[in-house]
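Visitor: got a structure for you, letters missing:
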Ligand SMILES: Cc1cc2nc3c(=O)[nH]c(=O)nc-3n(C[C@H](O)[C@H](O)[C@H](O)COP(=O)(O)OP(=O)(O)OC[C@H]3O[C@@H](n4cnc5c(N)ncnc54)[C@H](O)[C@@H]3O)c2cc1C
């Protein structure tokens, strides 16, 4: 884990309200695994006091990309950074996805800003694995399509692609591929992850063989396990909690209670 002042070198609005910021940090960039995150101090003063966590969206040489929408004060300050200004970043944090286990087909499942970690995951998997991506949102304006390979879309209002949620789309489509060894990588709101988890358990009870890692989200402060502010229940022991920042944010879906 390193801490650096990183210059904002590029800022793009990749679709309405969704921003991509490219930060220069050679020291951190070379250490990042897909699924890890940065904890960013968005201003030089004391306000806001807490750092804000963001998934690493991509790494291009010494540039780290983050993707975000303006949500509250921290993301508003971040979105107003000028090219050449700096932010203080702490990273890489968390465990990241395990990409080296045994599977033939990588399935990406993303809801809303859960799209953020997939460009770097794609870059790391490219040419080694077949990939199918399922991405959802309330309407087509909210679906983030950025750099997903072999993309299938679900919108709840039916404005594009399948009408319904992304997990329903996945359930319909994946039946065609159940002869393959499948690994699902999911990132999105916890409600979406819960229904992914239920579906994977059902498939496996029916004798299929899917593995699944989910990237979870929680309010957090320090980002590396000291403050204990981001507990998530261990599914194997009701008296034990794991930490999203240190033990996650990526978990095998069987290891946590969503
Ligand atoms: C691992 C991880 C990866 C993420 N990746 C992305 C991403 O790629 N893109 C993206 O847009 N968003 C991402 N998020 C969410 C992102 O961190 C929030 O959108 C962001 O913190 C909002 O900050 P804000 O100041 O704009 O909002 P605000 O609502 O003003 O502030 C939210 C922040 O306040 C603090 N906070 C609020 N309540 C509590 C509490 N009860 N206890 C402790 N702290 C509290 C936390 O630091 C929290 O993050 C991620 C979150 C996590 C945990």
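Guide: Nice, thanks for sending it over. Note that the structure is a prediction, hence the values are computed from the model and not measured.
Visitor: please make it C-alpha for all contacts and neighbour counts, starting now.
Guide: OK.
Visitor: measure residue 184 to the ligand for me?
Guide: Note on residue 184: its distance to the ligand, by CA to the nearest ligand atom, to the nearest Å, is 18 Å.
Visitor: surely that residue touches residue 200?
Guide: No: with contact defined as CA atoms under 8 Å, residue 184 does not count as touching residue 200 (9.0 Å).
Visitor: what touches both of those two?
Guide: Counting by CA atoms under 8 Å, 6 or more residues apart in numbering, the residues touching both residue 184 and residue 200 are 210-212.
Visitor: close to the ligand: what parts of the chain are there?
Guide: Contact residues (CA under 6 Å from any ligand atom) of the chain with the ligand: 37, 50-55, 67-75, 113, 116, 217-221, 249.
Visitor: and those, which are buried?
Guide: Buried members of the residues of the chain next to the ligand, counted by 16 or more other CA atoms under 10 Å: 37, 51-55, 67-69, 74, 113, 116, 217-218, 220-221, 249.
Visitor: which ones among these lie within helices?
Guide: Among those, DSSP state H puts residue 74 in helices.
Visitor: what's the burial count for the residue nearest to residue 22 when sequence neighbours are not counted?
Guide: Nearest residue to residue 22, sequence neighbours excluded (CA to CA, 6 or more residues apart in numbering): residue 65, at 4.4 Å. Neighbourhood size, residue 65 [other CA atoms under 10 Å]: 26.
Visitor: looks to me like residue 65 is in a strand.
Guide: Yes: Residue 65 forms part of a strand when assessed by DSSP: H, G, I helix; E, B strand; the rest coil.
Visitor: which pLDDT does the model give it?
Guide: Residue 65 is assigned 98 on the pLDDT scale.
Visitor: for the residue nearest to residue 43 when sequence neighbours are not counted, what are its contacts?
Guide: Distances taken as CA to CA, 6+ apart put residue 87 closest to residue 43, at 6.8 Å, once the chain neighbours are dropped. With contacts defined as CA under 8 Å, 6+ apart, the neighbours of residue 87 are 5-8, 40-44.
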